[in-house]
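Engineer: Sequence first, predicted model second:
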Amino acid sequence: MNPLLEIDAVSKHFEGLKALDRVSFSLGKGEILGLIGPNGAGKTTLFNLITGTFPPTEGTIRYNGKDLTGLGPSRIAAMGIGRTFQIVRPFKGLTVLENVLVALGASRYPRFLAAARRFRADDSVSEAKALLSRVGLLKISDVKAENLPLGMKKRLEIARALALHPELILLDEPAGGLRAEEMEELVSLVASLNREGMTVLVIEHNMPVVMELCERIVVLDHGIKIAEGSPEEIRAHPQVIEAYLGREEDA
Amino acid sequence: MLGQQLINGFTIGSIYALIALGLTMVYGVLKILHIAHAGVYAMGAYIGLWVYRLVPNLFLAMLAAMFLSGVAGILIERFLYKSMLDKSRIVPLIASIGLFIAMEETFRIIAGPYVKAFSVHFRQKPWILGSARISAPQMLVFGVTIVLLVLLWWVITRTRMGKALRAVSMDREMADALGVATEKIILLSFFISSALAGAAGVLVGVFYNSVYPTMGDIPAYKALAIIVLGGMGSIPGTILGAFLIGISETFLIGYVNVPLPRDALAFIVMIAVLMFRPYGLLGKE
Amino acid sequence: MSAYIVTVSITIGIYVILAISLNIITGYAGQISLGHAAFFGIGAYASGMLATRVGAPFFVCLPFAVVVTGIVGAILGIPCLRVREDFLAITTMGINFVVQAVFLYVPFFGGALGISNIPVPSIHGSDMTKPEYLIMVLLFILLSILVDGWLTRSWTGLALSAIREDETAAEMSGVNLTRFKVIAFVLGSAMAGLAGSLYAHFMSFISATDFGFAESIVILSMVVFGGIGTLRGPIIGAIVLGVAPELFRPILNYRTLLYGVMLVVLMRFQPQGLLGIDSFVTRTLKRLWKKETRGYEPAA
């Protein structure tokens, strides 16, 4: 089976600092892969490279066999890569429904005249509402996003990512900052998305969550991939243990 | 000729630096475009003139202007900006513009719309430096600027207060979390920056022998161009930008007969630089 | 109606169009512009020069001004794409100074003398009267309102609000920043060009000093004063701040001071503007009418 996403010897340097150094791994269709590592390991940098925030210094990233280098974030998003953010960034002043509609527009924007049409047309609204009911936010679709509690904001971000009709979603610490029950809801949401065929790449600090969700885990430390394997393998990996235990206090 | 142009350019540049430094410090801690800063500058000139007419001692006039301008800065922060920090960027901007208009009008109503002379008796003979001449007022501008810049540099790099100030302008929330008395530091930076503006007002008043209500108009926007050029919030960048603009303006007038007013030049330079460095000369993303 | 009232109404009407146009750029797309008067001026010069140098009739000059200003808006919008937030604000301000300097110092644009003897538009072979001109301005206001209403209901309008709220998240949601920012700049500038044309043919004499930074601030103040990001806000803001100087005429000496104080006080106590979303007046009116307006508001 061809991989959906291939990270091929990717490096990213910031003013001489190696945020990522020749990292390679790939992600098969329908897989759910965990990306872990101590703070500053380069996980979010990798997300930013995949989504086109900035280009890699070296190496290539391929999605469905297509090189993503040089494509802007909006193009990459429209190609079907959705993402959420470590620190949530919903469109605060827009309603929950409008948040989802923005991303739903990605399939409408490319055609110039279509972008001039009414966005509250029935088909769009019903599709957005279906997505909201998928993440359990349908009842509050007219509430402004800034008024939601964190857990709901995170689910809203997932709905917004899903509105891109993605094949792959990147989740940046989905469980971070959540209360136990919120976390459980979120984990089961991600697991069910994956069961339905969605490919997921997830950064997560909460080890039980990673171990529960992921079939495979990649570990980064100081920009270098130090391990890759099943949760059991990772748990027993000496370098991983050292990376975490060595710096436990600042993780 | 070249030396003379440089000296004139440095004179203008040091005045720009004094005004723009305050603006950049305020931007550093609050991320606000403090247009009314130019109002404080004009206020400094008026206070200086008023004191000088009571007691003809320039040093005293300067001190009074700096102190009262500093107090005005604190009041502006306290009663205006403080409540606007969580609002859209445009709110403090418009408030600042409104305040600037109100200040200029107040000066006009109180002191009259006319140019007031700020005549100080200097020695007439200029100092000779190679082929260039430095007049006494120029010497004053240089002297005061250098003293103030050194003092500012010392405060920022050598004192605990300065360290805290840098921490606050780097990341206010982080500084807050680390137990820096953010509130105090913000007031302090408003005091220092407004005092610098007040000093600049007195210097300009004396240098051009004129004080008038709208004297802040041109500094209001030129200082903005300078701090953007330097990279908003960067103190060395601002000083660099100020001298760059001061010198290029003098050379433009001295040598090239470009049919553009000197006041647009600052912006042309700024826009050109921003195209290559969107965060200014020494700015960081 | 007295001639005085008609004249003031026409001027305010032109400001209404300017405020609506700036609100597209700054209110909907969130791109702070401190240089809107530049586009107002470009429209006025384009229209005035075509009329006086080529002798084209008003109804050719006006669309010409709109198109020229829209194109220049796109070109000047490009440097604005490189910079964000406060850098953008100062860049637009710089553009204003540069455009004004070009009008003032390039002989082609009439230099300090500006453009004079711009003809009054004629209908049925005779010059338009002032009341007729006012009616025309009102029709163009109506047109601007229609354009605004269409924009806020379209996908483009939604994309602009997404950009205003969070550029990074908008990009990651498939919104092409360059494209939509340019659309906002072009629309806003073109509409300002329309206002410029109306201004030129009404005043019959224009010069660079009419389109300075101070004018940009007047327009921006109107938008913010009334309530940025809504349609009603800029309209009311332009009317209130347009009428205020006339009302303050008896206290001529203090009117600019009052203007400044008004801005400060409003921003201090009602930063969303007089009729902005959730402002005191809006909430009171809603309560009085007990009618929740369910129509879409872009910034709501």
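Structural biologist: Received the coordinates, thanks.

Engineer: Quick one: residues contacting residue 128.
Structural biologist: Here I'm looking at chain A. A:97, A:100-101, A:104, A:141, A:163 (Cβ atoms under 8 Å, 6 or more residues apart in numbering or on different chains). All C-beta atoms are positioned from the backbone trio N, CA, C, and that covers glycine.

Engineer: actually chain C
Structural biologist: Counted by Cβ under 8 Å, 6+ apart, residue C:128 has contacts C:120-122, C:136.

Engineer: same thing with residue B:194?
Structural biologist: Residues counted as contacts of residue B:194 (Cβ under 8 Å, 6+ apart) are B:22, B:37, B:40, B:69-74, B:76.

Engineer: Which of the helices or strands spans residue 244?
Structural biologist: Answering for chain A, as no chain was given. Using DSSP states H and E, the element containing residue A:244 is helix A:238-246.

Engineer: my bad, chain B
Structural biologist: In this assignment (DSSP H and E), residue B:244 forms part of helix B:235-254.

Engineer: That helix near chain C anywhere?
Structural biologist: No - Helix B:235-254 does not reach chain C (Cβ under 8 Å from any Cβ of the partner chain); its nearest approach is 12.0 Å.

Engineer: The following helix or strand past that helix packs against which elements?
Structural biologist: Next helix or strand after helix B:235-254 toward the C-terminus (DSSP H and E): helix B:262-276. Applying 3 or more Cβ pairs under 8 Å, 6 or more residues apart in numbering or on different chains; DSSP states H and E, one finds that helix B:262-276 contacts helix B:217-230, helix B:235-254, helix C:58-82, helix C:85-105.

Engineer: circling back to that earlier point, quick check: angle from the helix holding residue B:244 to helix B:217-230?
Structural biologist: Helix B:235-254 runs at 120 degrees relative to helix B:217-230, counting by axes from the mean of the first three to the mean of the last three Cα atoms, to 10 degrees.

Engineer: counting contacts, what elements does helix B:235-254 pack onto?
Structural biologist: Partner elements for helix B:235-254 (3+ Cβ pairs under 8 Å, 6+ apart): helix B:2-30, helix B:136-158, helix B:217-230, helix B:262-276.

Engineer: okay, the angle between it and helix B:136-158?
Structural biologist: Relative orientation of helix B:235-254 and helix B:136-158, computed by the same axes, to 10 degrees: 160 degrees.

Engineer: Between helix B:262-276 and helix B:235-254, find me the angle.
Structural biologist: Helix B:235-254 and helix B:262-276 are oriented at 130 degrees to each other (the same axes, to 10 degrees).

Engineer: What residues of helix B:235-254 count as buried?
Structural biologist: Within helix B:235-254, the residues that count as buried by 16 or more other Cβ atoms under 10 Å in any protein chain shown are B:235, B:237-252.

Engineer: For the closest residue to chain B within chain C, pull up the helix or strand it's in.
Structural biologist: Nearest residue of chain C to chain B: residue C:263, at 2.8 Å (Cβ to the nearest Cβ). Assessed by DSSP H and E, residue C:263 sits inside helix C:255-269.

Engineer: what sits up against that helix?
Structural biologist: Residues from elsewhere that reach helix C:255-269 (Cβ under 8 Å, 6+ apart): B:79-80, B:83-84, B:91-92, B:94-95, B:97-106, B:109, C:221, C:224-225, C:241, C:244-245, C:248-249, C:251, C:273-274.

Engineer: what's the answer for stretch B:108-127, then?
Structural biologist: Residues outside stretch B:108-127 that contact it (Cβ under 8 Å, 6+ apart) are B:45-46, B:48-49, B:52, B:58, B:133-137, B:139-140, B:205-206, B:209-214, C:253-254, C:257.

Engineer: Show me which of those residues are buried.
Structural biologist: Buried residues within these, defined by neighbour count using 16+ other Cβ under 10 Å: B:45-46, B:48-49, B:52, B:58, B:134-135, B:137, B:140, B:205-206, B:210-213, C:257.

Engineer: Looking at those residues, which are in strands?
Structural biologist: Mapping the buried ones among the contacts of stretch B:108-127 onto strands (DSSP state E) picks out residue B:134.

Engineer: quick one on the thing from earlier: okay, the residue of chain C closest to chain B: pLDDT?
Structural biologist: Looking at residue C:263, its pLDDT is 90.

Engineer: now do the one 4 residues further on
Structural biologist: Residue C:267 is assigned a predicted lDDT (pLDDT) of 91.

Engineer: what's the neighbour count on it?
Structural biologist: Using other Cβ atoms under 10 Å in any protein chain shown, residue C:267 has 28 other residues around it.

Engineer: any idea how far residue B:33 is from it?
Structural biologist: Here residue C:267 is placed at a distance of 13 Å from residue B:33 (Cβ to Cβ, to the nearest Å).

Engineer: So for these two, which residues contact both of them?
Structural biologist: Common neighbours of residue C:267 and residue B:33 (criterion: Cβ under 8 Å, 6+ apart): residue B:92.

Engineer: which regions of the stretch 51-200 of chain C sit below the pLDDT cut-off?
Structural biologist: Applying pLDDT under 70 to the stretch 51-200 of chain C flags no residue at all.

Engineer: and it, which of its residues are near chain A?
Structural biologist: Residues of the stretch 51-200 of chain C found near chain A (Cβ under 8 Å from any Cβ) are C:150, C:153-159, C:161-162, C:164-166, C:168-177, C:179.

Engineer: host element of residue A:219?
Structural biologist: Per DSSP H and E: residue A:219 is located in strand A:216-221.

Engineer: Quick check: mean pLDDT of that strand?
Structural biologist: Averaged across strand A:216-221, pLDDT comes to 92.

Engineer: Now do it against helix A:238-246, angle only.
Structural biologist: Put simply, strand A:216-221 runs at 60 degrees to helix A:238-246, going by the same axes, to 10 degrees.

Engineer: Quick one: list the elements packing against strand A:216-221.
Structural biologist: Other elements packing on strand A:216-221 under the criterion 3+ Cβ pairs under 8 Å, 6+ apart are strand A:17-28, strand A:32-36, strand A:224-229, helix A:231-236, helix A:238-246.

Engineer: Counting neighbours, which bits of that strand end up buried?
Structural biologist: The neighbour-count check on strand A:216-221 (16+ other Cβ under 10 Å) flags A:216-221 as buried.
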